[in-house]
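Chemist: Below are the sequence and a predicted model; questions follow.
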Amino acid sequence: MDTIQKHEKYKDSEVEWIGKIPYNWKVSRLKNAVDSCINGVWGDEPNGENDIVCIRVADFQRYNFTVSLKNNTLRHISENDFK
């Protein structure tokens, strides 16, 4: 495993859960870094063919920054949409 390069100088991010960051980094809201959002295809009820797992907003765990993979939501996606 490669080692992480240490930065020469650090500063407080002023965000409690982030802590210190390299001095030349800037902290900003993620929503300010996104120009647009293109929603995906929701599909139909699963039928056993071309079914995929969909990650929903409800699957994000904000308290520990993970995605729950329990109780997966399956959706049927047409072959065209899948491509």
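Modeler: Received it, and whenever you're ready, just let me know what you need. These figures come from a predicted structure and were not determined experimentally.
Chemist: In terms of pLDDT, where does the closest residue to Pro22 other than its chain neighbours sit?
Modeler: Spatial nearest neighbour of Pro22, chain neighbours left out: His7 (3.9 Å); criterion: C-beta to C-beta, 6 or more residues apart in numbering. The way it works is simple: take the backbone N, C-alpha and C, and place the C-beta from them, glycine included. Model confidence at His7, given as pLDDT, is 89.
Chemist: For the protein, just list every one of the helices.
Modeler: Per DSSP state H, the chain carries helices over the ranges 79-82.
Chemist: Flag every buried residue along stretch 31-48.
Modeler: Gly43 (16 or more other C-beta atoms under 10 Å).
Chemist: So for that stretch, first residue to last residue, what's the gap.
Modeler: 36 Å (C-alpha to C-alpha, to the nearest Å).
Chemist: What of stretch 55-70?
Modeler: First-to-last residue span, stretch 55-70, C-alpha to C-alpha: 11 Å.
Chemist: correct me, but the residue nearest to Pro22 touches Lys20?
Modeler: No - if you go by C-beta atoms under 8 Å, His7 and Lys20 don't touch, sitting 9.6 Å apart.
Chemist: Pull up the overlap in contacts between those two.
Modeler: With contacts defined as C-beta atoms under 8 Å, 6 or more residues apart in numbering, no residue is shared by His7 and Lys20.
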